Every structure is written in C-alpha cells, then in structure tokens.
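1. Turn this into a model:
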Amino acid sequence: MITAPRVFWPSVILVTAFVAVTVFFTDAVSATVTALQDTVIGTFGWYYVLIVCAFVVFSIRMGLGRFGDIKLGPDDEEPEFRLSTWFSMLFAAGMGIGLVFWGVAEPLNHFASPKPGVEGTEQDVAQQALVQTFLHWGLHPWAIYVVVGLAIAYAIHRRKRPVSIRWALEPVLGKERVNGWAGDLIDVIAVVGTLFGVATSLGLGVLQIASGLDVLGVVSDPGNWTYIILIGAITALAIFSVTTGVKRGVKWLSQINMGLAALLMVIVLVMGPTLFIFREFVQSIGLYFQNLLQLSFDTTALEGADGAQWQGWWTTFYWGWWMSWAPFVGVFIARISRGRTVREFVAGVLLVPTAVTFLWLTVFGGSALYRELFGSGGGVAADGSVDTEAALFGLLGDLPGGTVLVAGGVVLIVLFFVTSSDSGSLVVDMLASGGSPETPVWSRVFWATAEGLVAVALLLAGGLGALQVGAILIALPFSVVMLVMCVATWKQLAEERHRQIRAQRRMEREELTEQVSQSLLEGDEFTEQVSQHLLEGDEFTEQVSQSLIEAEASPDGQVTSRDGDADAVKDKV
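-> Predicted coordinates:
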C-alpha cells in the first residue's frame with residue numbers, strides 16, 4: 001500500500017521520464033543540460049558561494065548560542081545510539097565514499113591544474129592544492145547537512161512530526177500549506193534529488209571499483225558489462241542491508257566501514273611519509289583557518305572565463321552537489337540523532353567529521369603530493385592529466401604490500417557504496433511514504449533497485465555527467481528550501497527557549513513564594529516564642545512580688561535576710 005501517492009507517483013514519473021529521455025535522446029539531453037549548467041553556474045555561482053557561507057555562520061551560531069541545551073527529543077531521553085556508532089553512521093552516510101574517491105584525486109588535480117590566480121613554486125602550488133581541498137570537504141559541506149538535519153531532527157523528535165522535509169518548514173508555511181501541494185512539491189524535489197545523487201555516486205564508484213579490479217588483474221579493460229555486474233552486486237547488497245533497517249544492517253555496515261577505513265589510513269600513515277604527514281596536517285589546518293574567509297568568498301571574478309570554468313568544475317559544483325545530497329544526509333542524520341542536544345548535534349555533525357576529514361585528506365592527498373614532489377611521481381601523467389578513478393590505487397600500489405592494500409581499498413569502496421545506497425534508499429522510502437519511519441519491505445527494495453537501474457541506464461547512455469549537472473540544477477530550488485529551513489529553525493528554537501525561560505522563571509517564583517511562606521511561618525513561631533517568654537516573665541514577676549510580700553510579713557530577725565534576697569531577686573529581674 002502506498003501511503004503518500006502524491007509524492008510517490010510524481011517522483012517515479014519524473015525519474016522514469018528523465019532516464020528514458022536520457023537513454024533515447026542522449027545528445028539532445030547532454031546539450032540541454034550543458035546549456036543549463038552554463039546558465040546556472042554563470043548566473044548563480046556567486047549565490048551558491050554566498051548562501052553556503054551563510055549556512056556555516058548559521059550552524060556555528062546554533063551550536064554556540066543560547067539554543068544549545070535544547071534536546072532533540074523529550075528532556076529526559078537518552079541518545080538512541082552510542083557516540084561511536086552515531087559518528088560512524090553519520091560519517092559513512094555523509095561523506096565517507098566521497099573521501100575514498102577524491103582523497104587522492106582532488107589534491108593531485110589541483111596540483112596538476114592549479115586554480116587560476118595561484119602561482120609560485122611547486123611546493124606552493126601543492127600546499128594550496130591541499131588547502132583548497134580542505135575547503136571543499138571541511139566546514140562548508142557539513143554546515144549544509146547541519147541546516148537540513150537540525151530542522152528535521154527538531155520537527156520529528158521534539159514536535160513528533162513525520163520524517164519528512166516538509167514538516168521542517170511548518171513554522172513558516174503553516175500546517176495547511178505543509179499538508180497541501182507545497183509540501184508535496186518539496187518532498188518530490190527531495191526524493192528526486194536524493195535518488196539522482198545516490199545513483200550518480202554509485203556510477204562513479206563503479207568506475208573506481210572497476211579501475212581497482214583492473215589494477216589487480218581481475219578484469220581487463222572493463223566495459224559496460226563489468227559496470228552492470230558491479231552495480232547489480234552492490235544493489236543486491238544494499239537491498240539486503242536496507243531490509244534489515246537502520247538499527248541492524250545500516251548500523252553494522254557503518255561500523256565496519258569506519259573500522260576498515262581507519263585501518264587503511266593508519267597503514268598509509270605508517271608506511272608513507274609519516275613525519276611529513278604530521279607536519280603537513282598541522283600546517284594545512286593553520287593555513288585553512290588563516291585563509292578561510294578569503295577562500296570561502298572567492299568566486300574567481302577577476303580570472304575571466306578560465307576562473308568561471310574552474311569555479312564551475314570545482315567549488316560551485318561541490319556546493320550544488322552537497323545541497324543536492326542534503327535531503328538524503330539531513331534526513332538520515334536527523335533520524336539517528338534522537339536524544340542529542342542541539343549543541344551535541346552541531347559539534348558532532350560539524351566539527352568532528354571536519355577534523356577526521358582533514359586527517360584523511362592529509363594522509364592520502366599529502367602522501368600523493370609528497371610522492372610528486374620528493375618521490376618517484378606517477379600520480380600526474382606527462383601531459384598534466386590525472387587518472388581520477390585510479391589515483392587511489394596508484395598510491396596504494398607503491399606501498400609495501402601494495403596488492404593487498406589495493407584489494408582492501410576495493411572492498412572499502414564497495415562497502416561505502418553499499419552504505420550510501422541503503423541509507424539513500426531508506427531516506428527516499430521514508431520521504432515517498434509520507435514520513436513514516438517504518439516502511440514496507442517492498443518499497444525499500446523498490447527504491448534500492450531504482451537507484452541501481454538509474455545508474456546502469458545513465459552509464460550505458462553516457463549520461464553520467466548529465467546526471468551530475470542535474471544534481472546541481474536540483475540544488476538551486478532546494479537552496480531556497482534550505483533558507484526557509486534556517487528561518488523556521490530559528491523561529492522554533494527561539495519559541496522553545498522562551499518557553500524554557502518562562503518555565504524557569506515560574507519555578508523561581510514558586511520557590512521564592514515557598515521561601516517567603518516558610519519565613520513567615522518561622523516568624524509566627526518566633527512571635528509565639530517571644531510571647532511565651534513574656535508570659536513566663538510575668539509569672540516570674542508575680543513570684544517575686546509574692547516573695548516580697550512574704551518577706552515583709554516575716555519576723556524581724558529574718559527581715560534583713562529576706563530583704564537581701566528580695567534585693568537580689570530585683571537585681572536579677
């Protein structure tokens with residue numbers, strides 16, 4: 001049974017139509033999408049740069065501000081997943097596979113073809129290449145995920161709304177619009193964007209896996225049939241994982257991924273230029289933060305056509321790519337963040353993955369750059385090109401036990417892609433089912449299969465590049481949704497904080513009232529004690545008077561003694 005047909009069927013129709021048109025009219029679609037790409041990048045590139053910087057500021061403000069102690073769930077609830085498991089799942093879903101794919105390739109590409117305006121010695125260019133890679137994989141992409149994930153997490157865990165993009169906008173759009181066509185449109189955009197993003201990554205990953213198998217000698221000159229078989233195998237594993245749910249398959253795969261990735265990184269760190277890596281890690285972090293503002297707002301405006309082209313291939317592409325992935329990653333990390341405070345959420349999603357990412361890029365990208373500067377080279381061809389798919393395996397193959405490391409790299413890529421695929425399928429399924437976290441098994445299988453079929457169709461049609469651009473184009477309308485999310489999140493958290501302050505002040509007033517009442521009660525007891533003392537004093541005075549009377553009535557020989565006693569009593573009184 002389809003629980004949200006107004007989201008499910010439009011999404012299916014759009015995806016099917018896009019794939020069909022791409023397969024049968026590849027050249028026309030490629031030309032159209034290229035024209036749209038030039039228009040979007042040429043017209044809105046500055047806009048992408050500006051809003052992503054705004055998302056970074058917004059995320060930091062949420063974590064450090066007065067909203068930080070608000071819990072994403074009931075006040076007395078503990079986090080659903082322990083810290084290590086939570087980190088593993090959000091990192092594997094959010095960026096793990098991208099780092100495996102680009103960790104070596106991107107620094108080498110920036111080194112071989114520097115950003116327009118970057119000049120200096122080879123060492124200067126290499127250093128700038130790594131810092132530029134830090135920019136694309138550091139605070140900015142994770143801030144995009146914070147914006148979407150925090151808005152959805154508050155809606156579903158604090159306000160008990162369904163797991164859906166639309167409900168994060170309820171404070172701005174209102175409940176009626178959220179339940180109407182506007183909410184349906186938002187969820188359809190999220191479904192299509194997520195499906196395209198995961199399918200594109202699946203296609204890119206298959207190209208890299210095939211390259212690794214070629215290096216190992218398992219396949220020779222891999223072609224379409226190799227890609228189809230690999231996509232089918234990864235999709236089958238993803239289907240098995242997604243049917244077990246987030247608390248079993250996705251959780252276990254994420255933990256295995258992170259363990260294997262950490263092991264591979266340690267091996268490269270130890271067998272590679274260890275001292276150089278540590279020095280470069282510290283130095284690159286310093287340069288990153290030193291130049292963060294300038295790099296964040298750099299649109300290569302004075303570099304002419306070359307600058308615009310470079311921006312389109314790299315920074316603008318990345319910002320659009322991350323925003324197109326934001327529905328998937330945002331929903332997923334919101335789903336697994338129940339019981340965290342806003343401050344924990346921001347720190348966990350923004351700071352910790354950024355630190356791990358910088359270490360990963362320095363270990364792999366730094367080792368590749370060291371090999372070009374001080375070693376045998378091999379990452380950059382004689383014509384200045386970089387084999388992006390094979391760059392990682394070229395680095396691993398040159399280390400001791402290279403064949404084993406290449407095999408381990410292939411396994412790691414497969415597992416990361418399975419995790420991305422099953423996580424994406426789970427999110428798409430929830431969005432297409434009206435936000436229900438417990439969806440039928442058949443629908444999970446359907447969307448996991450759809451991702452594989454989209455990737456196969458576009459690989460066969462040569463339309464993978466067009467799909468990448470499609471993800472950037474989808475990011476344009478979704479960026480508007482994200483801006484509304486920022487307003488909605490601020491509004492909700494401000495209202496929540498005001499409620500907390502009012503409740504705290506009410507408690508303080510009640511405590512003060514109780515203290516005053518207690519003081520008054522104690523005052524009444526004191527008054528009673530004083531009255532009792534006065535009464536006892538009156539009785540004592542009466543006793544003294546009686547003694548004086550008796551003394552006056554005594555024989556003369558005792559008068560003096562009695563008078564002395566009376567005088568002593570008077571003095572005592």
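2. Tell me which residues touch Ala448, please.
-> Going by C-beta atoms under 8 Å, 6 or more residues apart in numbering, Ala448 touches Thr235, Ala238, Ile239, Val242, Ser421, Asp422, Ser425. C-beta coordinates here come from the backbone N, C-alpha and C atoms, glycine included.
3. TSV for those residues, including distance to Gln123, secondary structure and pLDDT?
-> Below are those laid out as TSV (distance: C-beta to C-beta, whole Å; DSSP: H, G, I helix; E, B strand; the rest coil; pLDDT from 0 to 100):
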residue	distance to Gln123	secondary structure	pLDDT
Thr235	44	helix	86
Ala238	43	helix	81
Ile239	48	helix	83
Val242	47	helix	73
Ser421	40	helix	77
Asp422	43	helix	76
Ser425	45	helix	82
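4. can I get the residues you listed in TSV with neighbour count and distance to Ser324?
-> Listed next are these as TSV, based on neighbours: other C-beta atoms under 10 Å; distance: C-beta to C-beta, whole Å:
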residue	neighbour count	distance to Ser324
Thr235	25	21
Ala238	32	20
Ile239	22	23
Val242	25	21
Ser421	29	16
Asp422	31	19
Ser425	31	16
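5. would you turn those into JSON lines with distance to Arg82?
-> Formatted as JSON lines, the contacts of Ala448 follow (distance: C-beta to C-beta, whole Å):
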{"residue": "Thr235", "distance to Arg82": "30"}
{"residue": "Ala238", "distance to Arg82": "25"}
{"residue": "Ile239", "distance to Arg82": "27"}
{"residue": "Val242", "distance to Arg82": "22"}
{"residue": "Ser421", "distance to Arg82": "25"}
{"residue": "Asp422", "distance to Arg82": "21"}
{"residue": "Ser425", "distance to Arg82": "25"}
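6. what about Trp325, neighbour count?
-> For Trp325, the count of nearby residues is 29 (other C-beta atoms under 10 Å).
7. what about the closest residue to it other than its chain neighbours, distance to Ser421?
-> Leaving aside its chain neighbours, Trp325 sits nearest to Gly197 (4.7 Å; criterion: C-beta to C-beta, 6 or more residues apart in numbering). Gly197 sits 11 Å away from Ser421, going by C-beta to C-beta, to the nearest Å.
8. Find the residue at the geometric middle of this protein.
-> Residue closest to the mean C-alpha point of the chain, counted by C-alpha atoms, centre = their mean, is Val349 at 3.6 Å.
9. what sits against the nearest residue to that one once chain neighbours are set aside?
-> Nearest residue to Val349, sequence neighbours excluded (C-beta to C-beta, 6+ apart): Val146, at 5.1 Å. Neighbouring residues of Val146 by C-beta under 8 Å, 6+ apart: Phe55, Phe58, Ser59, Met62, Phe345, Val346, Val349, Leu350.
10. Check for me that Val146 belongs to a helix.
-> Yes: assessed by DSSP: H, G, I helix; E, B strand; the rest coil, Val146 belongs to a helix.
11. buried stuff in the helix or strand where Leu204 lies?
-> Here Leu204 sits within helix 181-216, counting by DSSP states H and E. By neighbour count on 16 or more other C-beta atoms under 10 Å, the buried set for helix 181-216 is 183-215.
12. can you check stretch 343-351 too?
-> So for stretch 343-351, counting by 16+ other C-beta under 10 Å, buried means Arg343, Glu344, Phe345, Val346, Gly348, Val349, Leu350.
13. now, which of the residues you listed lie within helices?
-> Arg343, Glu344, Phe345, Val346 (DSSP state H).
14. so how far is Ser337 from the closest residue to Arg335 other than its chain neighbours?
-> Closest residue in space to Arg335, ignoring its immediate chain neighbours: Val163 at 6.1 Å, by C-beta to C-beta, 6+ apart. Per C-beta to C-beta, Val163 is found 12 Å from Ser337.
15. and these two? which has more neighbours close in?
-> Taking other C-beta under 10 Å, Val163 and Ser337 do not tie; Ser337 has more neighbours (28 against 25).
16. Was I right to think that one contacts Ala153?
-> Yes: with contacts counted by C-beta atoms under 8 Å, Ser337 reaches Ala153, the gap being 5.0 Å.
17. which residues do these two both contact?
-> Leu72, Phe345.
18. Which other helices and strands does the helix holding Leu204 contact?
-> On a contact count with 3 or more C-beta pairs under 8 Å, 6 or more residues apart in numbering; DSSP states H and E, helix 181-216 meets helix 5-24, helix 97-102, helix 224-244, helix 315-335, helix 391-397, helix 402-432, helix 441-461, helix 464-552.
19. Kindly calculate the angle that the next helix or strand after the first one makes with helix 315-335.
-> Read in the C-terminal direction, the helix or strand following helix 5-24 is helix 26-64, with elements assigned using DSSP H and E. For the pair helix 26-64 and helix 315-335, the angle between their directions (axes from the mean of the first three to the mean of the last three C-alpha atoms, to 10 degrees) equals 60 degrees.
20. So Phe67, which state does it fall into?
-> Applying three-state DSSP: Phe67 is coil.
21. Pop out the phi and psi values for it.
-> Main-chain torsions, Phe67, degrees, to the nearest 10: phi -90, psi 0.
22. Quick check: the residue lying closest to it once chain neighbours are set aside vs Ala155, distance?
-> Once flanking residues are discounted, Phe67 sits nearest to Leu493: 4.2 Å by C-beta to C-beta, 6+ apart. From Leu493 across to Ala155, the span is 12 Å (C-beta to C-beta).
23. Please apply the same query to Tyr227.
-> Taken as C-beta to C-beta, the span from Tyr227 to Ala155 is 39 Å.
24. and the angle from the helix or strand where Leu260 lies to helix 402-432?
-> For Leu260, the host element (DSSP H and E) is helix 251-271. Taking the same axes, to 10 degrees, one finds helix 251-271 and helix 402-432 inclined to each other by 150 degrees.
25. Let me know the next secondary structure element after helix 251-271.
-> Next along from helix 251-271, by DSSP H and E: helix 274-290.
26. Give me the buried positions along the helix or strand following that next one.
-> Note on helix 274-290: by DSSP H and E, the next helix or strand toward the C-terminus is helix 292-296. Neighbour counts over helix 292-296 (16+ other C-beta under 10 Å) mark Leu292, Leu295, Ser296 as buried.
27. other SSEs contacting helix 292-296?
-> Partner elements for helix 292-296 (3+ C-beta pairs under 8 Å, 6+ apart): helix 26-64, helix 122-137.
28. Mean neighbour count, those: which tops it?
-> helix 122-137 (a mean of 21; mean count of other C-beta atoms under 10 Å).
29. what about it, distance to the chain center?
-> 24 Å (C-alpha atoms, centre = their mean, to the nearest Å).
30. pretty sure Thr489 is touching Leu150, no?
-> Yes: counting by C-beta under 8 Å, Thr489 does reach Leu150; the two are 5.9 Å apart.
31. Need the residues touching each of these two.
-> Shared contacts of Thr489 and Leu150, counting by C-beta under 8 Å, 6+ apart, come down to Met62.
32. who has more neighbours, the two?
-> A direct count of neighbours by other C-beta under 10 Å for Thr489 and Leu150 places Leu150 higher, at 30 against 27.
33. per-residue pLDDT, the more buried one?
-> Looking at Leu150, its pLDDT is 96.
34. Val428 too?
-> 87.
35. For Glu77, see how far away it is.
-> From Val428 to Glu77 the distance is 27 Å (C-beta to C-beta).
36. These two: who's more crowded?
-> The residue with more neighbours, out of Val428 and Glu77, is Val428; 30 against 13, by other C-beta under 10 Å.
37. Next, count neighbours for the closest residue to the more buried one other than its chain neighbours.
-> Closest residue to Val428 apart from its sequence neighbours, by C-beta to C-beta, 6+ apart: Trp447 at 4.6 Å. Burial measure for Trp447: 31 neighbouring residues, criterion other C-beta under 10 Å.
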